[in-house]
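Undergrad: build me a structure from this.
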Amino acid sequence: MIVEEVMKHEVFTLSPKDTIQKAVQLMNEKNLRHIPIADEEGYIAGIISDRDIKDALPSGFEFPNNFGRILEEKLENFMVTNVITAHPLDFVEEVANLFYENQISCIPIVSNKKIVGIVTETDILYTFLQLTGALQPGSKIEVKVPNRAGMLSKVAAVISELNVNIHSVLVNPFHLDETFKILVFRVQTMNPTRIVKALKEKGFDVLLPYTWEPRDE
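TA: Next comes the predicted model:
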């Protein structure tokens, strides 16, 4: 999946010469936390967040005479100019890595140096929830398999034989032994009991869901 599919195409921008007061008004009207700053030609010049504005504004109780003056300050004096951006054709997982590595919560999407969209950490989180199938009703099954080719298709074949739809599959490392992997399936059924039984009958090690089996006396 690429960024163009998940980004917000409607972007509210301001000019470096606009005031802090204008930024506050826009954030309140549009319920924004970040505003990209663009020059007259539409090229990105910076970005300002609600936190930047809070840091810029003194307490009205401590500095009552300065409060109004600072509201009239230009955004160019407070905006972040070293802006991390992404391209509409970048992969979503690459952009997710930018969020993680740089500890940021918003990335303007730029094409030919002009702002064409914006992505927030909430957009990325929602996208990954969709990709994992967590937003759809169903069940999760975890299977530990040897870390070798063909294991995913073998487990999937067992589920397919039961005519159960697979929402998503994740492959996780097994932290106790790198010679194994954990296959995490989201399946379209609220009762995975028969899937678990079929997998165990085929010799697969099902970790979740846990099913109790009586001991032989």
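Undergrad: and the residue nearest to Pro146 when sequence neighbours are not counted, backbone torsions?
TA: Closest residue in space to Pro146, ignoring its immediate chain neighbours: Phe180 at 6.1 Å, by Cβ to Cβ, 6 or more residues apart in numbering. For the C-beta atoms, the positions are set from N, CA and C on the backbone; glycine is no exception. The phi/psi pair for Phe180 (degrees, to the nearest 10) reads phi -120, psi 160.
Undergrad: now for Phe180, how many residues are close by?
TA: Using other Cβ atoms under 10 Å, the number of residues around Phe180 comes to 16.
Undergrad: my guess is it contacts Val143. True?
TA: No - at 10.2 Å, Phe180 does not count as touching Val143 under the criterion of Cβ atoms under 8 Å.
Undergrad: any idea which helix or strand comes after the strand or helix carrying Asn28?
TA: Using DSSP states H and E, Asn28 sits within helix 20-30. Next in sequence after helix 20-30, counting helices and strands by DSSP H and E, comes strand 34-38.
Undergrad: output that following strand as PDB, nothing but the C-alphas.
TA: The C-alpha coordinates for strand 34-38 follow below in PDB (Å, rounded to 0.1, in the frame of the first residue of the first chain):
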ATOM      1  CA  HIS A  34      -0.400  20.500  12.800                       C
ATOM      2  CA  ILE A  35      -0.300  23.100  10.000                       C
ATOM      3  CA  PRO A  36       2.200  22.900   7.100                       C
ATOM      4  CA  ILE A  37       3.700  26.300   6.200                       C
ATOM      5  CA  ALA A  38       4.000  27.000   2.500                       C
END
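Undergrad: state the mean pLDDT of the next helix or strand along the chain from it.
TA: Per DSSP H and E, strand 34-38 leads on to strand 44-49 as the next helix or strand towards the C-terminus. Taken as a whole, strand 44-49 has an average pLDDT of 96.
Undergrad: packing partners of strand 44-49?
TA: When contacts are defined as 3 or more Cβ pairs under 8 Å, 6 or more residues apart in numbering; DSSP states H and E, strand 44-49 packs onto strand 34-38, strand 106-111.
Undergrad: least confident secondary structure element in the chain?
TA: helix 64-71 (a mean of 70; mean pLDDT, DSSP states H and E).
Undergrad: so the very next helix or strand once past that one versus strand 106-111, what angle?
TA: As assigned by DSSP H and E, the chain's next helix or strand after helix 64-71 is helix 92-102. Orientation of helix 92-102 against strand 106-111 (axes from the mean of the first three to the mean of the last three Cα atoms, to 10 degrees) gives an angle of 130 degrees.
Undergrad: what's the helix holding Asn28 in contact with?
TA: 12, 14, 32-33, 35, 48, 50, 53, 56-57, 70-73, 75, 78 (Cβ atoms under 8 Å, 6 or more residues apart in numbering).
Undergrad: buried stuff in it?
TA: Ile20, Lys22, Ala23, Met27 (16 or more other Cβ atoms under 10 Å).
Undergrad: what of stretch 143-151?
TA: Quick answer for stretch 143-151 (16+ other Cβ under 10 Å): Val143, Lys144, Val145, Met151.
Undergrad: tell me the domain ranges of this structure?
TA: The chain resolves into domains spanning 3-129, 134-208 when parsed by automatic domain parsing.
Undergrad: least reliable of these by average pLDDT, please.
TA: domain 3-129 (a mean of 91).
Undergrad: and Lys154, how far from Leu162?
TA: Distance from Lys154 to Leu162, counting by Cβ to Cβ, to the nearest Å: 14 Å.
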